[in-house]
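> generate a structure from the sequence data that follows.
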Amino acid sequence: MKLTGGPPKTIPFRGQGKGDLRAGDSLFLPIGRAARQARLTAGATLPPHLQEQLPRRLRTVALLYSLAYFLSGVAPDILTGEISETFRTPADWGPTVASILIGLVVAVLASSTRVSWRAKMHLGLLFEVVGSYGIALAMYVDAERYATTPIVFFVVSPSWIAIWMIVYSIVVPAPPGRALFALLASASAPAVLMCTALQRAGLLHVFTPETFFFAHVFPYIICVILAYVSARIMVTLGADVSRARELGSYRLIERLGQGGMGEVWRASHQLLAREAAIKFIRPESILGISAEASSTMLRRFELEARATASLNSAHTVELYDFGVSDDGTFYYIMELLQGLDCDRLVREFGALPASRVVHLVDQVCESLAEAHEKGLIHRDVKPANIHVCRSGVRCDFVKVLDFGLVAHRQHVPSDVMLTPPEHAIGTPAFMAPEVVQGKEIDERSDLYGLGCVAYWLLTGRQVFEGSGFLEVISKHLQAEPDPPSRHSPGEVPRELEALILSCLQKAPELRPPNAREVARLLRAVPLRDSWSAERAETWWSEHIPVGPTTGTS
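Below is the predicted model:
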């Protein structure tokens, strides 16, 4: 994916993600294209994209191997009632049972998180060879039964072993050089076991060396070539995918989530070893605009991104860079945060005490206050866009996310006006009545959403609930909210309840005038016990000692 835009800014990074990577052993990969291709050619490694997929593919192939062995070697005898006659001695059932068990063991090891991807790759290559010998053992070990009809060994070759070799090479990635070594070892299975079986049966004389070579060796050489080419193609495609995941100086590591507007990926700066979150947004996913209008929409996004980048509050997510890909996808590069959003916080741990709600909402007010003073209206203030995280040694540090739907109150060029204020964009459960009605909005619309957020934090439920979109919207327009104290499991100070209900007034003029005033009123709420830094640190150490990786979304 070709991208436009300048190199990312070298802004100090404050967020972190989880420790274990599925994409490889290191995020610091200052490797040029030529060097990377040389390493792949030498068979030293696999592209990160294939490293991620290898365990799952190996597990699938191992299970299919065991299933195929059971269906071909055991199931027919069970269905015909000849199982007791076919498997009379351990020599009869031993190879079959051993092959099935080997496949299951490999599947278990491939699923283990304690085994590195490189160890799984080597295990898989060994399994490919052992699997080939297992198939050959089942086919040729009992050559004595063909003593009276040795013509059976002239049957068209190659056998199921060839199918196994090609399928494995296509499905399970491996460096081409090591794949070739495993293929050659696998291809030796038919010749080795057939010669052994024929010698034990006294039937070696039925083949001349030339006949045996062209009937049971040369076809497998062709299979090795086909499988090797397939392995190289798979690794090359994987490298292409990895290169496609490189966004300027950033390399995409894993997808953190996706929604109606786009996807969020965890990424790493290749030179600074700095983690970031990259959000991709397709304009048509927001307003359903046509392809012809996407250019104008992208110009709007650029103005919005520049406005968001101008915010300096420590409680606003930091924007490193932005740009547009050649397929019209807009992207933000933001700091990656260690923690969880307020929606997940309440769903997993329940409603919060009033002191903690005051602590968190006060930080949100700081972010919104700066944005409002610069003419920016967030328009989608909701729990999922308020991230509670660790920042350095501080816990319960708030970051306000997703200014992508921001509206601008200041003058901009008429042909590229920012997201029009009259569009009802946002989340229904946290949407102010004037937004629903398509009326003019201002900073007090964000305060309505902030009141909904505080209500959620205190009670663990939304201000208005309903069976569908229209019912929720209707209640926001007409119904009066229940006092949060009616649903909160803990004590709610009267001053805090009054402030929340004032933010939830239908008429904007009845709400607090701005976020600074909300913050002032919050700090004036009398609390029996304040939410101190020590309490926050204790809570995090007890509930999230390591911290989940949840990027900006």
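> now the closest residue to residue 186 other than its chain neighbours: how far from residue 309?
Residue nearest to residue 186 in three dimensions, not counting chain neighbours: residue 132, with 3.7 Å by C-beta to C-beta, 6 or more residues apart in numbering. Quick note: C-beta positions are derived from backbone N, CA and C, even for glycine. According to C-beta to C-beta, to the nearest Å, residue 132 stands 58 Å off from residue 309.
> of these two, which one has the most company?
More crowded of residue 132 and residue 309, by other C-beta atoms under 10 Å: residue 132, with 26 against 17.
> helix/strand/coil for that one?
helix (DSSP: H, G, I helix; E, B strand; the rest coil).
> isn't it right up against residue 161?
Yes: applying C-beta atoms under 8 Å, one finds residue 132 in contact with residue 161, separated by 5.1 Å.
> if I look at the two, which residues touch both of them?
Listed as contacting both residue 132 and residue 161 by C-beta atoms under 8 Å, 6 or more residues apart in numbering are 186-187, 189.
> and the residues you listed, which is closest to residue 514?
residue 186 (72.4 Å; C-beta to C-beta).
> list phi and psi for the closest one.
According to degrees, to the nearest 10, the main-chain angles of residue 186 amount to phi -70, psi -40.
> what is the burial count for it?
The burial count assigned to residue 186 is 28, neighbours taken as other C-beta under 10 Å.
> and if you look at residue 517?
Neighbours around residue 517, by other C-beta under 10 Å: 15.
> would you map the strands across the stretch 151-300 of the chain?
Secondary structure of the stretch 151-300 of the chain (DSSP state E, counting those that start in this stretch): strands at 246-247, 250-258, 262-269, 275-281.
> direction included, what does the third one pair up with?
Sheet pairing here is set by DSSP bridges, and for strand 262-269 it gives strand 250-258 (antiparallel), strand 275-281 (antiparallel).
> contacting residues around the most centrally placed residue in the chain?
Centroid-nearest residue in the chain: residue 255, 2.9 Å away (criterion: C-alpha atoms, centre = their mean). Residues near residue 255 by C-beta under 8 Å, 6+ apart: 263-266.
> from residue 335, how far out is it?
Per C-beta to C-beta, residue 255 is found 18 Å from residue 335.
> re the thing from before, run through the bridge partners of the residue nearest to the centre of the chain.
Beta-bridge partners, per DSSP bridges, of residue 255: residue 265.
> what sits closest to residue 234 if chain neighbours are left out?
Using C-beta to C-beta, 6+ apart, the closest residue to residue 234 is residue 173 (5.4 Å).
> same thing with residue 443?
Counting by C-beta to C-beta, 6+ apart, residue 443 lies nearest to residue 372, which is 3.9 Å off, once chain neighbours are set aside.
> surely that neighbour is in contact with residue 515?
Yes: at 6.0 Å, residue 372 and residue 515 qualify as touching, with contact defined as C-beta under 8 Å.
> for residue 482, grab phi and psi.
The phi/psi pair for residue 482 (degrees, to the nearest 10) is phi -70, psi 150.
> okay, now the unreliable bits of the stretch 51-200 of the chain?
The stretch 51-200 of the chain contains residues with pLDDT under 70 at 86, 91-92, 142-158.
> try it again at 80.
Applying pLDDT under 80 to the stretch 51-200 of the chain picks out residues 73, 77, 81-95, 138-159, 197-198, 200.
> then the stretch 201-350 of the chain?
Scanning the stretch 201-350 of the chain for pLDDT under 80 picks out 201-207, 234-253, 255, 257-263, 270-274, 280-308, 323-330, 332.
> three-state assignment of residue 333?
Applying three-state DSSP: residue 333 is strand.
> quick one: it and residue 322, what's the gap?
Look at residue 333 and residue 322: by C-beta to C-beta, they are 7 Å apart.
> of the contacts of residue 255, closest to residue 387?
residue 264 (12.0 Å).
> wait, what's in contact with residue 183?
Per C-beta under 8 Å, 6+ apart, neighbours of residue 183: 128, 165, 169, 223-224, 227-228, 231.
> buried residues in stretch 55-72?
55, 57-59, 61-62, 64-66, 68-70 (16 or more other C-beta atoms under 10 Å).
> who touches it?
96, 99-104, 106-107, 110-111, 117, 120, 123-124, 127, 131, 134, 138, 164, 167-168, 171-173.
> ok, of the residues you listed, which come out buried?
The neighbour count (16+ other C-beta under 10 Å) marks 96, 99-100, 102-103, 106-107, 110, 117, 120, 123-124, 127, 131, 134, 138, 164, 167-168, 171-173 as buried among those.
> now, which of those residues lie within helices?
Using DSSP state H, the subset of the buried ones among the contacts of stretch 55-72 located in helices is 96, 99-100, 102-103, 106-107, 110, 117, 120, 123-124, 127, 131, 134, 138, 164, 167-168, 171.
> show me how far stretch 184-204 is from its chain's centre.
47 Å (C-alpha atoms, centre = their mean, to the nearest Å).
> can you offset everything so residue one is 569?
Will do, 569 is the new start, and the previous item becomes stretch 752-772.
> list the buried ones in it?
For stretch 752-772, by 16+ other C-beta under 10 Å, it's 753-759, 761-763, 765-766, 769, 771.
> again, but for stretch 1095-1112
By 16+ other C-beta under 10 Å, the buried positions in stretch 1095-1112 come out as 1095, 1099, 1103-1104, 1107-1108, 1112.
> same deal with stretch 1074-1083?
For stretch 1074-1083, burial by neighbour count (16+ other C-beta under 10 Å) applies to 1076, 1079-1080, 1082-1083.
> over to that stretch now: how far is its first residue from its last?
In stretch 1074-1083, first residue to last residue: 17 Å (C-alpha to C-alpha, to the nearest Å).
> wouldn't residue 1081 be in contact with residue 1071 here?
No: the pair formed by residue 1081 and residue 1071 falls short of the contact definition of C-beta under 8 Å, at 11.4 Å.
> would you turn the buried residues of stretch 1074-1083 into CSV with pLDDT and distance to residue 780?
Converted to CSV, the buried residues of stretch 1074-1083 look like this (pLDDT from 0 to 100; distance: C-beta to C-beta, whole Å):
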residue, pLDDT, distance to residue 780
1076, 95, 90
1079, 96, 90
1080, 96, 91
1082, 96, 90
1083, 96, 86
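> quick check, nearest of these to residue 928?
residue 1083 (13.9 Å).
> so how far is residue 1017 from that closest one?
11 Å.
> per-residue confidence at residue 1015?
Looking at residue 1015, its pLDDT reads 97.
> pretty sure it is touching residue 1085, no?
No: between residue 1015 and residue 1085 there is no contact under C-beta under 8 Å: 9.0 Å.
> shared neighbours, the two?
Residues touching both residue 1015 and residue 1085 (C-beta under 8 Å, 6+ apart): none.
> run through the strands of the stretch 869-1018 of the chain in chain order.
Secondary structure of the stretch 869-1018 of the chain by DSSP E, counting those that start in this stretch: the strands cover 887-893, 898-903, 906-909, 944-945, 954-959, 962-968, 975-976.
> and these as TSV, adding distance to residue 842?
What follows is the strands of the stretch 869-1018 of the chain, written out as TSV (distance: least, C-beta to C-beta, whole Å):
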stretch	distance to residue 842
strand 887-893	9
strand 898-903	9
strand 906-909	14
strand 944-945	26
strand 954-959	15
strand 962-968	17
strand 975-976	30
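> any chance of those strands in CSV, plus distance to residue 781 and mean neighbour count?
As requested, those are exported to CSV (distance: least, C-beta to C-beta, whole Å; neighbours: other C-beta atoms under 10 Å):
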stretch, distance to residue 781, mean neighbour count
strand 887-893, 54, 20
strand 898-903, 58, 25
strand 906-909, 63, 22
strand 944-945, 77, 24
strand 954-959, 67, 24
strand 962-968, 69, 21
strand 975-976, 77, 21
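> tell me which of the ones you listed lies nearest to residue 935.
Residue 935 sits nearest to strand 962-968 of all the strands of the stretch 869-1018 of the chain, at 4.0 Å, using C-beta to C-beta.
> now do that closest one: distance to the chain's middle.
Remark: strand 962-968 is offset 23 Å from the chain centroid, using C-alpha atoms, centre = their mean.
> next, the angle from that strand to strand 954-959.
140 degrees (axes from the mean of the first three to the mean of the last three C-alpha atoms, to 10 degrees).
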